[in-house]
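In: The sequence and its predicted three-dimensional model are supplied below.
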Protein chains: 2
Amino acid sequence: MSALLPLPEDIKHLLEEYLPGEKPFLTLTYAQSLDSRVSAGPGLRTVISHEQTKTMTHYIRAHHDAIVIGISTFLADNPSLNCRYNLNKHKIRPVIIDPHFKSSSKLAGSKIVENYTDGTGLKPLIVVSRDVNSSSTEEFDVVHLKCVNGRFPWEIIVKKLHELGLPRIMVEGGAYIINSLLTEPKLVDSLIITIGPVFLGENGVSVSPGQNVTLENIKWWTGIQDSVICATLK
Amino acid sequence: MSALLPLPEDIKHLLEEYLPGEKPFLTLTYAQSLDSRVSAGPGLRTVISHEQTKTMTHYIRAHHDAIVIGISTFLADNPSLNCRYNLNKHKIRPVIIDPHFKSSSKLAGSKIVENYTDGTGLKPLIVVSRDVNSSSTEEFDVVHLKCVNGRFPWEIIVKKLHELGLPRIMVEGGAYIINSLLTEPKLVDSLIITIGPVFLGENGVSVSPGQNVTLENIKWWTGIQDSVICATLK
């Protein structure tokens, strides 16, 4: 596991008001290209942000209890979903939104399961539809929620995570998850987007919500390569 | 005509290396939302950038001889395309890329023609396909170029503008024009994008080139509301 770059001091100050305090909190954060793509194509793991903003992501993770991604991101990236900022001082619980339990055959040997079994990560939590037959194992937990029109309403997911003792939630992607949360101003407490100075092109996976979304409390930060916007949804 | 905000001093310094000197130069510049939309929908005039970055646009115009837009932008926006930075000290020639001469019936009464007739703007130049019957009038000039597969190759447009004594070219949009120039690194000398902190949503007009585009010489500037990236195409 490679070391992180040092965190720039000024970004700590900037992020202060966009990170959780004592109360339940949901942070939506991701990295995109200038043309609003989160990957070069479906299923392709694509590095967009600088190592420096990767450090920022781990710093943000250190302020949350759960890190949520969609099943497509899990299948495409096999991500670690752990917190390497001040290594091992904070652990964050990986949560995969996976209505049809597509991760079933991919969890064994995955990084999130490995991190759990070697003690560097918390036990992964897979959120599966009530209609799908599955149960927790030694390596991961399964929770069943009710799907509405093929997806879980965000309020239901958030309520369940709160019940499970995970009040500070960080959602990282992918595009489907991000697009659906961007139109949930009551649920999203802060939005942190890293913009990498590249165009991934029209075949990339696009982030764009179903409707116009206005932001408030806007602050920009610029690093070595990327720009970061922090905001709240209006 | 409303007054512009004062230009922030630090942006002058930032823009210095991204603006033309004595040599022929092409600047591609536009404003986009976070989700890389340049308008809320086809034909819709959409304000994305802050008044402050509008001032920047007029400052950039003051360093160019020609301002180029596509026919769709002309029809949607009826833009002024003049330079209001240090009002009337610099005039910039409006150029519309209009292969089929769709602007024909819309030029009379348009702002670009009005600016020319009242002396606050230069004579508009309409770039029309050789196959289309049209000629210059008192109110606008027509130049005919050869279309290849329904569009003008950029080298041909640039060459013609140079011949006409317009070596410093600023291209402002819309999406079709931008997407086609983003894959022309030999022709584009600088790229200046203003990013407004808003999502226009999936029905908006998207900027995204046909392929991956990498940038170099990257600098970011942040204003009251927007972030500006200056770069060159790799």
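Out: Alright, I've got the coordinates. What you see is a predicted model, and the numbers here were worked out from it, not measured in a lab.
In: Give me the nearest residue to A:K111, chain neighbours excluded.
Out: A:S80 (4.6 Å; Cβ to Cβ, 6 or more residues apart in numbering or on different chains). Where you see a C-beta, it was placed from the backbone N, CA and C, and this is true even at glycine.
In: helix, strand or coil for the one you found?
Out: coil (DSSP: H, G, I helix; E, B strand; the rest coil).
In: and chain A, which residues reach chain B?
Out: A:32, A:34-37, A:40, A:179, A:182, A:193, A:195, A:197-202, A:204, A:206-215, A:218, A:220, A:222, A:225, A:227, A:229, A:231 (Cβ under 8 Å from any Cβ of the partner chain).
In: Which of the residues you listed fall within strands?
Out: A:32, A:37, A:193, A:195, A:198-199, A:206, A:213-215, A:218, A:220, A:222, A:227, A:229, A:231 (DSSP state E).
In: gap between the two ends of stretch A:222-231?
Out: Start and end residues of stretch A:222-231 are separated by 15 Å (Cα to Cα, to the nearest Å).
In: what's that stretch in contact with?
Out: For stretch A:222-231, contacts defined as Cβ atoms under 8 Å, 6 or more residues apart in numbering or on different chains pick out A:8, A:11, A:14-15, A:17-18, A:31, A:49-50, A:52-53, A:56, A:190-197, A:215-221, B:34, B:195, B:197, B:218, B:220, B:222, B:227, B:229.
In: Any buried residues in that stretch, and which?
Out: For stretch A:222-231, the neighbour count (16 or more other Cβ atoms under 10 Å in any protein chain shown) marks A:T222, A:G223, A:Q225, A:D226, A:S227, A:V228, A:I229, A:C230, A:A231 as buried.
In: Tell me which helix or strand the nearest residue to A:L26 once chain neighbours are set aside sits in.
Out: Nearest residue to A:L26, sequence neighbours excluded (Cβ to Cβ, 6+ apart): A:I169, at 4.7 Å. Element membership for A:I169 (DSSP states H and E) is strand A:168-173.
In: Report the strands that pair with that strand, each with its relative direction.
Out: Here strand A:168-173 is paired, per DSSP bridges, with strand A:25-33 (parallel), strand A:66-70 (parallel).
In: Could you export those strands as CSV, including distance to A:K89 and mean neighbour count?
Out: Below are the strands paired with strand A:168-173 laid out as CSV (distance: least, Cβ to Cβ, whole Å; neighbours: other Cβ atoms under 10 Å in any protein chain shown):
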stretch, distance to A:K89, mean neighbour count
strand A:25-33, 19, 24
strand A:66-70, 16, 25
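In: among the ones you listed, which is nearest B:D65?
Out: Taking Cβ to Cβ, strand A:25-33 is the member of the strands paired with strand A:168-173 nearest to B:D65, at 31.8 Å.
In: what's the neighbour count on the nearest residue to A:M170 once chain neighbours are set aside?
Out: Spatial nearest neighbour of A:M170, excluding adjacent residues (Cβ to Cβ, 6+ apart): A:H64 at 4.0 Å. By other Cβ atoms under 10 Å in any protein chain shown, 24 other residues sit near A:H64.
In: picking up where we left off before, tell me the contacts of the residue nearest to A:L26?
Out: A:P24, A:F25, A:L26, A:T27, A:H64, A:D65, A:A66, A:V68, A:V158, A:L161.
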